[in-house]
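[1] Sharing a model that was predicted from the sequence below.
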Amino acid sequence: MSSVPGAFAENLRRYAPATRRLREAAQRYVDAAVPGAVATVAALPCREPGCPPVEVAVQVLVAAHPAAFAVRRAPDEVTEAELLAALAAALAAPGARAAAKPAAPPVHLADDALEVRREDVAAVAREVVDATPCVDVHTHLFPAAHGDLMLWGLDALLTYHYLVAEYFMVDDGLSHAAFFALPLAARADRVWDALFVRRTPVSEARVGVLRTLADLGAPGAAMRAARAGDLGPLRAWYAARAPGDHVDAVFRAANVRYVVCTNVPFDAREASRFVDAGCCVDPATGLFRGWRPGDDDAATADGRFRTALRVDALLAGDWATVAAALRARGLDATLGAARLFLSAWARRYGAEYLMASTPGDLRYAAGDAGLEPGWPSATRLVDEVLVPVARDLDLPLALKLGCVRRLAPDLAPCGGGDGLRRVDLRPLARLLTAQPRLKVLATLLGRADQHEACVLAQKFPNLHLYGCWWYCNNPSIIRELTSMRLEMLGTAFTAQHSDCRVLDQLVYKWRHSRAVIAEALAAQYAHLLGAGWTLTRGDVRRDARALLGGAYEAFLAKTLPCDAAPPPPPPPALTCAPVLVNWPPIPATGTTRLPGPVAPPAPGLLDVPRRHYARRRGRASPRWFLLCGRASRRRARSGRTGPRARRTSRRPRPGLPPPATSLAQAA
């Protein structure tokens, strides 16, 4: 038995309530800490991650106060209105909780069979999308156990490259080198003053900072001081938060089930959190010496932070980086050792997939050459290293396409110097065709490439599109891309990923994305209802779970068909003799008329004057086609069968053998 406030708070941390009113009322109830209240939370039935949060909160309340509701009613029959009334009664009069009465007619919010009316589509879609926990399939985050690698807090938010790039667009008093030489807090102060105090913060990145602070509960006095240019109170508020508690608060506010981090084995600083610098790979076991699967490990203890293995160097054909990493782990610089290296790291991370941000000119073609003499090409590294590792460990390959590295080198210190370019998707199509058993996740940086990517996803079952990456992560573009994907792919894609590097960014990125995803989903539902289809709340929940991570998990779990069989041989060439017609009349001298009826010629093809039968790049001229019908009609009206008609009619058709004039020729 445990106290109601503690048990209720634990469930609120695990499941975000469906509405703001419920969250606020439940939090007031938790804060009240009514003495003597108890709850048997441990006895509640196990719930899947997608369980409606309202139902979970109702079960906690009913377990705490069984007398507050009729015993004959099941927990999932308690409505939100009844729950709010019971919470209000508990706050107002702790001794009178048992007398709480239902305050409104029951509306079964958890009933998946409840039909959605056309006028309620937008509200239902928004409610369900907001209440559905999401999977963030690609981030650059780290758990609290990784120490200073976990970026969080006000200064990290304000000095992220989104805002630094905007700062240099409007501030002309400091060079890039001088700015990056300043302490972190001084950089944050300059960004805040230039973008939030002296200018209206209307851009998506600036609104995102304000949304994050509001949703995390920043004190009003601290926000008013910040509006005047003083960030001291906000920094003090952040300083009072423990990293672990802050992680809990961010995941709760963003309603995220788990995130997939990006881990780079070629980065010594990151790798040291998992394996000591001098630890080598054991070729006999394929594992790092001294480590075995299942060992207790603080680096991967928090299940909300899952991992992906970053392999950019291989897709870029950068053999120098790969070879240096191999030698550091006691391996030779060979393709076989590279496979062993990646396999050992994938097992150490517990990786969900292999990840690469490809160069702008991704190469995958036969005859591809290495970047330097003696280096293996990117195509060989894919075929002989990445694909075997992915096949052996049943891991997908995630690609981020369209980035141009160091387009603006002055912004490189903050990671904001990269640009974008149009992507040639033919190498991706060749990869999908050549490796039908390789699962590929793909996202594209440019808006202009998205439609072609949707077509590829339609044609290749081993391709899954995910998210709106970086420059596409703005509400206007998210709306456009989500609508297009819903129209072309249904719900067989992942609508969004945050690409966060600062933990706090999870809050606003998912808050803004959910609103736009719900709008796009509601628009498609309106078309569906207009076609006469019946929509239920269960349908909306299923679709929201798919778009917010369910489709990604289904793609990882699905079994692809076996390798495609070789294409069938082409049909044999025709061996029969061509069909002959007795047209036009054949002169009697030296010839024999073929037996059979006389058939008229194809109109407009034979009886055309020679001067109009011109060729242009292997095709008849437009004027020739124009005159065909005219000449044919004139000859039909006049009945001409003279020498000119015979001469023009004997001219062979383009692409056909000349007509036979005798049985000997036909034989």
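    Cool, the structure landed. What you are looking at is a predicted structure, and each value in this text was computed from that prediction instead of being measured. Residues are numbered from 1 along each chain as shown.
[2] Kindly state the domain boundaries assigned to this protein.
    2-111, 151-245, 579-667 (automatic domain parsing).
[3] Please report the distance of residue 398 from residue 442.
    7 Å (CB to CB, to the nearest Å). For every residue, glycine as well, the C-beta is placed using N, CA and C.
[4] scratch that, residue 313 is what I was asking about
    19 Å.
[5] Repeat that for residue 518.
    24 Å.
[6] what does residue 352 give?
    15 Å.
[7] Mind naming the longest helix for this protein?
    The single longest helix within the chain, with elements called by DSSP state H, is helix 505-530.
[8] Flag every buried residue along that helix.
    Across helix 505-530, burial judged by 16 or more other CB atoms under 10 Å covers 505-514, 516-525, 529.
[9] again, but for stretch 457-472
    457, 460, 462, 463, 464, 465, 466, 467, 468, 469, 470, 472.
[10] repeat for stretch 549-566
    549, 550, 551, 552, 555, 556.
[11] Could you point out the member of those residues that lies closest to residue 278?
    residue 556 (34.0 Å; CB to CB).
[12] Low-confidence regions, the chain specifically.
    1-110, 296, 360, 562-667 (pLDDT under 70).
[13] let's see 80
    Along the chain, segments meeting pLDDT under 80 span 1-111, 172, 294-299, 359-362, 562-667.
[14] Could you identify the longest strand within it?
    The longest strand of the chain (DSSP state E) is strand 256-263.
[15] For that strand, which strands pair with it and how are they oriented?
    strand 134-136 (parallel), strand 305-310 (parallel) (DSSP bridges).
[16] Break down the stretch 451-600 of the chain into its strands, ranges please.
    463-465 (DSSP state E, counting those that start in this stretch).
[17] what ranges do the helices span in it?
    For the stretch 451-600 of the chain, the helices defined by DSSP state H, counting those that start in this stretch cover 475-489, 505-530, 537-545, 551-557.
[18] looking at those, which is closest to residue 178?
    Set against residue 178 and scored by CB to CB, these come closest in helix 505-530, at 26.5 Å.
[19] and that closest one with strand 256-263, angle?
    Interaxial angle, helix 505-530 versus strand 256-263 (axes from the mean of the first three to the mean of the last three CA atoms, to 10 degrees): 120 degrees.
[20] For the stretch 151-300 of the chain, which segments count as strands?
    Using DSSP E, counting those that start in this stretch, strands in the stretch 151-300 of the chain cover 256-263, 281-282, 287-288.
[21] Could you look over those and pick the most buried one?
    strand 256-263 (a mean of 22; mean count of other CB atoms under 10 Å).
[22] ok, and what's touching it?
    With CB atoms under 8 Å, 6 or more residues apart in numbering as the test, strand 256-263 has contacts from 49, 133-142, 270, 274, 303-310, 349, 351-353, 355, 498, 500, 506, 510, 549.
[23] Kindly export that strand (C-alpha atoms) in PDB.
    What follows is strand 256-263, C-alpha atoms only, in PDB (Å, rounded to 0.1, in the frame of the first residue of the first chain):
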ATOM      1  CA  VAL A 256       7.800  10.500 -25.500                       C
ATOM      2  CA  ARG A 257       8.000   6.700 -24.900                       C
ATOM      3  CA  TYR A 258      11.700   6.500 -25.900                       C
ATOM      4  CA  VAL A 259      14.300   8.200 -28.200                       C
ATOM      5  CA  VAL A 260      16.900   6.600 -30.400                       C
ATOM      6  CA  CYS A 261      20.300   8.200 -29.900                       C
ATOM      7  CA  THR A 262      23.100   8.500 -32.400                       C
ATOM      8  CA  ASN A 263      26.300   6.900 -31.200                       C
END
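[24] what would the strands paired with strand 256-263 look like in JSON lines with distance to residue 257?
    Output for the strands paired with strand 256-263, formatted as JSON lines (distance: least, CB to CB, whole Å):
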{"stretch": "strand 134-136", "distance to residue 257": "5"}
{"stretch": "strand 305-310", "distance to residue 257": "10"}
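[25] how about CSV for those strands, with mean neighbour count and distance to residue 418 added?
    Below are these laid out as CSV (neighbours: other CB atoms under 10 Å; distance: least, CB to CB, whole Å):
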stretch, mean neighbour count, distance to residue 418
strand 134-136, 26, 21
strand 305-310, 23, 15
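[26] With respect to residue 423, which of the ones you listed lies nearest?
    Of those, nearest to residue 423 by CB to CB is strand 305-310, at 19.6 Å.
[27] downstream neighbour of that closest one in the secondary structure list?
    Downstream of strand 305-310, the next assigned helix or strand under DSSP states H and E is helix 312-315.
[28] Which strands and helices lie in contact with that following helix?
    helix 319-328, strand 354-357, helix 378-381 (3 or more CB pairs under 8 Å, 6 or more residues apart in numbering; DSSP states H and E).
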